Every structure is written in C-alpha cells, then in structure tokens.
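Chemist: 3D model of this:
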Amino acid sequence: MKQLTISLLTLVMLTMLGSVAVAQHSAGVPTQWKPGIQRPAKDWDFDGKRILGHIDHDICLWDAATGELVQRMKGHRERIEKVQFSPDGQLAVSSSWISDGPMVPYHSNDTRTIVWDLRTGTSRWSWPDQVAGEFSPVGKRLVTFSRRPNQTTSFDASIWNIESGRLAVRLKLAEGSSPYWDSLHFSPDGKSLFHVTSSGATLFDASTGKRQARVKLNHGLQHLTSSGRMACFELGRDSGQITVVEVATGKTQSRLPHGQQGVWYGAWHHNGSKLAAFPIGGPIHIWDVATGRFVTGSPVGQYPYTAAIISPDNRWLAVTWGGANVENVDIPAKFGLYDANSGQEILVADRPIDSQMIGFSPDSETVLLVGSEATTYRAFDGRRLLTVALTRTSKRGGH
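Modeler: Residues are numbered from 1 along each chain as shown. Sure thing, here's the model as predicted:
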C-alpha cells in the first residue's frame, strides 16, 4: 500500500467528528451485544476467535488463531462498507456501497446489505439500496440506512425483521443523512433508536419510527452513552468545554470548561464518565467528568493519528498513527497501547504500513491489527501473542 499524504485539514475533520459507541449497562439490564466494542474500520470485525472481513467484494470469515479461511461468501459487486457479527455469532451482516457525491465523484454500482448464515456460508437475506447500521441487542432486528428513491446522497432508515426478512419500520431522517458520516444505534433495551451525526443526535421510537427528541452539539469528540446521553469534548478558539446532554430531554447534565486549544484526538470511556484525549505529539489527558479533574500521562506518537479506541472494560486505550508522508517527511507506522485511566504507556510498536487496527476482543483481553498478516496483542502488557497470515483459499473446498 502506498503512503498517503495527509493535510492538517484531514486531521481536523477526523478530530471534530470523534467517535460514537453504545456503552455497557449495569448488571441485570439488557445490553447491546459487544457493548463497548469500537471498530475503527467498519469493514472488519473480531469476536476474539474469528475475524470477519473481506477480499475484494467477497465476505470472508477466518480463524483468528490459524489464519485459515473458513468461509468466502459472494454476493456484492461494490466496495465493502460494513461487516458485523450478529449477537449470537451465527449470522453476519455486510454492506457494499461507495459515496457518490457531491464531493466524491463516484457512483455506487451495488448498494446492498446481505445477512449471511456463517455455518453454511449462504445468504439469508439480500436487501438492495440499504447500508447496515447495527443489530438490535438480541439480534432479532437490524437497522439500515435506506437510500431515498432517485437520490444518491440522502438516506432514511429502516428496521428489518431478521427472522422473516421483512421491513418492520421506516424512519425519516434529516435531509443529507448518510452512512458516510452518520451512525445508527439501538438503545440497550432495543426500544429506541439513535441517529448520531457530527452535530448531535436524534431519538426515535424503534417500534413506530416516530421522532421523539433531538439535541444539537458543537463539533468535537462525541460519544453516545448507554443512558442516552451525548458527551462531547468541544474545542473553541479561546477555550472549550466538556458537555454532557440528555438526548430525550435536551437538558445539559454537566458543562466543564477544559481550557484547551488546538487540534485534539482521543476516545471516551463507554459510560461517558471519562475522556482520554491528546493534542498533536502531546501527552494523554484523562478527564473525570464528574469531578472535572484530569491526570496527564505519556505522549502519543506523531501526527497523523488514524485511530483511537477504548477497550470494552474501559481499561485500555489503543492508538495507531503514521504510515503517511507529512510535509515531505515519512512518518513511521506505529501502534500504541496505554492505560485508559492513567494515560501511561504500555507498548509502542512498529506496524506494517498496510495494517489497520481492528480493535479489542469483546472480553478486552486482546487487540487485533490486520494487514498482510493478522497480529494479536495481549492488552494488559502489550505482549505480541500471535501473528498469522490470512489465507485466501479454504481447505474445505471453498474459493
């Protein structure tokens, strides 16, 4: 893979959009499956034992321990936008789509969502003009972005019944809504649906499709918590603030000035209680939202940063950076692992320039990087556990 030349504007856009995830709930309360899982690359997934990804337009399932190709599933004719395991791991969803404007002069040849049976490698449902959002908490429904008739850049949303393959509910989204920047998330109890954009969130009734509430936020590092709050690390010319807003009521739960300026990158703890953020080349700051206090940890690499995620148990922060040419200087591709509560460095390692971070396993024990090879690291000490090549053909007689 060739190195990329990245401008400061690109980093600013990535920083302002931030990250979104549905977080853990307390014991005894239904939770979104893999509640704290963040996937920097939406077209890959990892359940701790298997890797779900693609070769060209084919959806592939690999054994993470051996690199063996278990299934290679055909049905898409366009670039893969999204893959995800179902809550019980027996199914998977994939979507093909490419943004076609107005700034990107492409046309999607096949906008489609397919639900796969991973035991047989066959398609259960194939829905045209849909781009997947996520499964419901128990996996009986799937929400998708639905392309509007005769339009290419605006989408509404649809909720599908996985058992019957039928459309259950349609939801009207704001003009210009798109899977390119936006995301769709079920609440932990599955009764509500959140449409999250770079400027806030809209709450819908998942049974009727009726819009219930909407909140707007300034641009920044955003996060949707399991309690239905939007947390945002805002940056202003003079100073910024950390804001937490209840989506259903629009009420501000907290507003904490942080006095920081410039371009920052980072990730929220999944319950929204803490934020791990850092400026270009600077140290990690861990803010406690309840008290307003922060601790300063280790510095993080060099611009450009390509991903920053928190483990499902809120203990570890993983960051990738480099692999690009900045002002005629080649920045080495690196992977860093840090304590998400103290900001202290656990590991900084070289990574192949063609690799990307897939993310943590659901139990937070390991973190996976995939490129020409798949490498698994142990989270608590950064030890490299395994490196395997992902095969392109199956020993079971597949493609």
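Chemist: what sits against Arg378?
Modeler: Shown in contact with Arg378 (C-beta atoms under 8 Å, 6 or more residues apart in numbering): 365-366, 384-385. Backbone N, C-alpha and C define where each C-beta goes, glycine included.
Chemist: Mind putting those into a markdown table with secondary structure and distance to Ala231?
Modeler: Supplementary listing: these in a markdown table, determined by DSSP: H, G, I helix; E, B strand; the rest coil; distance: C-beta to C-beta, whole Å:
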| residue | secondary structure | distance to Ala231 |
| --- | --- | --- |
| Glu365 | coil | 26 |
| Thr366 | strand | 27 |
| Arg384 | strand | 33 |
| Leu385 | strand | 33 |
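Chemist: what sits up against stretch 157-167?
Modeler: In contact with stretch 157-167 (C-beta under 8 Å, 6+ apart) are residues 86, 91, 115, 124-125, 127, 130, 133, 135, 139-146, 168-171, 173, 177, 184, 193, 195, 204, 206, 209.
Chemist: Off-centre distance for it?
Modeler: 23 Å (C-alpha atoms, centre = their mean, to the nearest Å).
Chemist: tell me which residues in it are buried?
Modeler: Applying a neighbour-count criterion of 16 or more other C-beta atoms under 10 Å, one finds 157-160, 162 buried in stretch 157-167.
Chemist: ok, now stretch 204-217?
Modeler: So, applying 16+ other C-beta under 10 Å, buried residues of stretch 204-217: 204, 206, 209, 211, 213, 215, 217.
Chemist: how long is it end to end?
Modeler: Its start and end residues considered, stretch 204-217 measures 18 Å (C-alpha to C-alpha, to the nearest Å).
Chemist: Please work out the average pLDDT along it.
Modeler: For stretch 204-217, the mean per-residue pLDDT is 95.
Chemist: now it, how far from the centre of its chain.
Modeler: 22 Å.
Chemist: Kindly report the same for stretch 176-192.
Modeler: Using C-alpha atoms, centre = their mean, the offset of stretch 176-192 from its chain centre is 12 Å.
Chemist: now stretch 215-227
Modeler: 15 Å.
Chemist: Give me the buried positions along it.
Modeler: For stretch 215-227, the neighbour count (16+ other C-beta under 10 Å) marks 215, 217-227 as buried.
Chemist: again with stretch 186-193
Modeler: Buried residues in stretch 186-193 (16+ other C-beta under 10 Å): 186-188, 190, 192-193.
Chemist: Now intersect the buried residues of stretch 157-167 with the strands, please.
Modeler: Counting by DSSP state E, these place 157-160 in strands.
Chemist: Just the endpoints, please. Distance across stretch 96-110?
Modeler: Stretch 96-110 has an end-to-end distance of 6 Å (C-alpha to C-alpha).
Chemist: my bad, stretch 246-253
Modeler: End-to-end span of stretch 246-253 (C-alpha to C-alpha): 7 Å.
Chemist: repeat for stretch 92-110
Modeler: Using C-alpha to C-alpha, the distance between the terminal residues of stretch 92-110 is 19 Å.
Chemist: now swap in stretch 145-163 and tell me
Modeler: This stretch, stretch 145-163, spans 19 Å end to end (C-alpha to C-alpha).
Chemist: ok, back up a step: tell me the one of the buried residues of stretch 186-193 nearest Ile286?
Modeler: Ile286 lies nearest to Pro188 out of the buried residues of stretch 186-193, by C-beta to C-beta, at 25.2 Å.
Chemist: The closest one contacts Pro137, doesn't it?
Modeler: Yes. Pro188 lies in contact with Pro137 (C-beta atoms under 8 Å); the separation is 6.1 Å.
Chemist: Lowest pLDDT pick from the buried residues of stretch 186-193?
Modeler: Lowest confidence among the buried residues of stretch 186-193: Pro188, with 88.
Chemist: looking at this protein, which helix or strand is least sure?
Modeler: helix 8-17 (a mean of 33; mean pLDDT, DSSP states H and E).
Chemist: Moving C-terminal from it, which element do we reach first?
Modeler: Using DSSP states H and E, the helix or strand that follows helix 8-17 towards the C-terminus is strand 45-46.
Chemist: Neighbouring strands - and their directions - for that following strand?
Modeler: Using DSSP bridges, the strands paired with strand 45-46 in its sheet are strand 50-55 (antiparallel).
Chemist: Can I get the strand it pairs with in CSV, CA atoms only?
Modeler: Provided in CSV are the C-alpha atoms of strand 50-55 (Å, rounded to 0.1, in the frame of the first residue of the first chain):
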residue,chain,number,x,y,z
ARG,A,50,-12.8,-15.3,14.4
ILE,A,51,-12.1,-12.4,12.1
LEU,A,52,-14.8,-11.1,9.7
GLY,A,53,-13.6,-9.1,6.8
HIS,A,54,-13.3,-9.2,3.0
ILE,A,55,-11.1,-9.9,0.0
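Chemist: contacting residues around Arg141?
Modeler: The contact partners of Arg141, by C-beta under 8 Å, 6+ apart, come to 135, 159-162, 168, 186, 190, 206.
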